Structure formats: C-alpha cells, structure tokens
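# Fold the following and give me the result.
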Amino acid sequence: MTRALVVLALTIAGAAGAQPKQPDLQIDAAMRTQVIDAALAALRARYVFPEVAAKIETTIRARVAAHAYDRAMSAIAFADALTKDLQGVSHDKHMRMFYSAEPVRSDPPPDAPPSEEAKARSHAIAQRFNAGFVKVERLDGNIGYLRFDGFLPPEEAGPRAAAAMAFLGDTDALIIDARENHGGEPASVAIVVSYLYEASDEIHINDIYWRPDNSTHQYWTLPSLPGRRYPKKPVYVLTSHETFSGGEEFAYDLQTEKRATLVGEVTGGGANPGGTSKVGEHFALFVPSGRAVNPVTRTNWEGTGVKPDVATTAAKALDTAYLAALREQRKRVSAREAPGLHDEIEQAIGKLEGKR
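Residues are numbered from 1 along each chain as shown. Coordinates of the predicted model:
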C-alpha cells in the first residue's frame, strides 16, 4: 500500500517524473554531500539490481572527486544533474532525483500502512484527476472510447472503472487510449485488464519481483468485479512514447495474451517499479526496487518499450484504430437489419478516409 501512494504522485507528474514548477533553493557543498551519500545508500539497500547499484556508486563517487557538482548551487539543477548521471549508468527511466521546495516527509517504516493524512492526500489528488479517468464516449458506429492517464490505487480506480465499463457495455468494439498513461498501481492494472475477460477466465497477467524482501507478487484476472465485463469483443489500445510503467504493463499484458491490438508508437521502456526514499530535507530519490516478469515471455519491456501491432504516430493512432474498428464493424452490421447503424458506420468511415 505504501508503494501505491508513492506511485500516485509520480503518475500525476508524468512518465519522466517531471519536476513541478516551484521555487528553487540555493544549496551548498554540505547539502550536496548529504544528498549523494543518502542516495547511494538507498540504492545499495533497495535497487533491484545490486550489481548496477555498485556501478552507479563508482561513477557518482568519481564525479564527486572530479568536482562535477561543485558549481551546482541550484537545487533544481543539482537534482537534474544527478538524475542524468544516475540514468546514464542504470539506463533506468524510473530512477530519478526529485527536489521539493517544501520539506520532504520522512520515509514510513517498511510495509507500514499509510497514515490517515497520507490517505487523505491520495484521495484529494484522485478527486482532482478523477483517478486518471479522463473520457468515456460512444463514437459513431457504436465503437467505445475510454481514456485514462494513470492507474491510481484500487479504492480510487475501481469505482471509476466500473462506471466506465457500465457505460461502454453495449458498444461493439472498444478503443482504450493509453497514450498519456504514465502508470501507477499494478493492482489497478489488474482490475482494468479483468474487465476484458469472463469471470470464469483465470489469466495470469504479471508478476513483480521485489528485491527488499526477496518476494514475488502475482497478478491474475479477478473473478469478481462490481461492473459490467467486456469479454470477447475487439479491443484496441493506443500507445505513444509517453506511455510508461503501468501504462506499458497494461499494453504488454493484453498484447501478450492476444486480447488487444496495439496501435501507435513504441512506449517509454520503464518496467522497474519502486518507491521514493527521502535523501535530504528537500530531496527524494525514486528507487526502482522491483521488476516486472511476464508469465508468458518471462521478461518485460524495460529499455525496449512495448512495440505496437500497428505502428503509426501518436497523433494518428486514434483515427487508425477507429477506422480499423469501423471496417470490422461494417462486416458485422447488415444494412437491412440495422439501417441506422449501418449508415452511421458508412458516414464515419467516409469522414476518416477523407482525412487521408
């Protein structure tokens, strides 16, 4: 649960963990040393690949000896410089140093339940962003469209997913827009994936190995859901270079199980989840302490991204998927039995083909 609340802020921040706009802070050599020492200690203790953590420490210590950070008087510039150097060794896009103008809260004890204050903050963020669910729509031709930009904790994402699937239940094909999905809670990925299967299906969709306690958590489709399921019907998932982390897992899970057609761009390439560690009064480091292990491929998308089935630009992905869905829909709909829907399909196809 602690991991879920940590991921929430990063989900809102974006795939690259973009720094929010905030006042800068002037820092000195003592603060830089404190942050670097604490960050390297956190990586030694928790980074999922200990041998890479050792290489990172060697590189950063060499950079310190070469006075590479001596001119970093800006907290924002220092965080950015460390992020660049950390990722330069690890090639791990989750790993990032964050600066906060407000003092960073201390790390909770391992596996401690979130405080009431933390839960209240999480709920407030979820309300502002509708738990990442941005748009639900019936497109002409009876094609469903669902856009969600993150996987917030199940207690927030679950009710929104149920409401969305209830609205979409009578559509004949579904386009899920994950082009701006920056990830989040793996349990919420499992919820949304489960809606695309029968209750009787038992699909092992993902594992996550966690280094700190040497454990592996399995994720399966759920036999019980409060909303309406969407099994067997065609599903298209839109991807972009911005699709990241849990957004990539969602696409990868469905592609591996051949449950959806992916349309768009190769995704960002981040498959190592984790959480933040306080490494200074105003600094926190995101430490990837786990790695995804797909039960079919026995690997993941780290560093490579998820490759779409139909490659196109992010800007053209929706029209491409929509046109494909409409053409398949045209094969199923008789002009005599459903003249109104047939005409709607033809008009929608004509509009899309006219854009080409």
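
# Only C-alpha atoms from now on, for both contacts and neighbour counts.
Fine.

# can you pull out the strands in the stretch 201-350 of the chain?
For the stretch 201-350 of the chain, the strands defined by DSSP state E, counting those that start in this stretch cover 204-210, 215-220, 235-239, 261-264, 274-280, 283-288, 290-293, 310-311.

# Partner strands of the shortest one, with direction?
I take that to be strand 310-311. strand 261-264 (parallel) (DSSP bridges).

# so who does the spatially most central residue of the chain touch?
A centroid search over the chain (CA atoms, centre = their mean) returns Gly183, at 1.4 Å, as the residue closest to the centre. Residues near Gly183 by CA atoms under 8 Å, 6 or more residues apart in numbering: Thr11, Ala15, Asp149, Gly150, Phe151, Thr243, Phe244, Ser245, Gly246, Gly247, Glu248.

# Excluding residues flanking it in the chain, which one is nearest it?
Gly246 (3.6 Å; CA to CA, 6 or more residues apart in numbering).

# just checking, the one you found touches Leu152?
No. The pair Gly246 / Leu152 is not scored as a contact, 10.1 Å apart, by CA atoms under 8 Å.

# who's more crowded, the two?
Leu152 (32 against 26; other CA atoms under 10 Å).

# What is the neighbour count of the residue found closest to Thr312 once you drop the neighbours it is linked to in the chain?
Closest residue to Thr312 apart from its sequence neighbours, by CA to CA, 6+ apart: Gly264 at 4.7 Å. Per other CA under 10 Å, the neighbour tally for Gly264 reads 26.

# and if you look at Gly350?
Gly350: 12 neighbours (other CA under 10 Å).

# Let me see the contact set for it.
With CA under 8 Å, 6+ apart, Gly350 has no contacts at all.

# give me the low-pLDDT residue ranges for the stretch 51-200 of the chain?
110-111 (pLDDT under 70).

# show me where it has strands.
Counting by DSSP E, counting those that start in this stretch, the strands of the stretch 51-200 of the chain are 96-99, 133-139, 143-148, 173-177.

# do you know how far the closest residue to Ala54 other than its chain neighbours is from Ile345?
Closest residue to Ala54 apart from its sequence neighbours, by CA to CA, 6+ apart: Arg44 at 7.0 Å. Distance, Arg44 to Ile345, using CA to CA, to the nearest Å: 58 Å.
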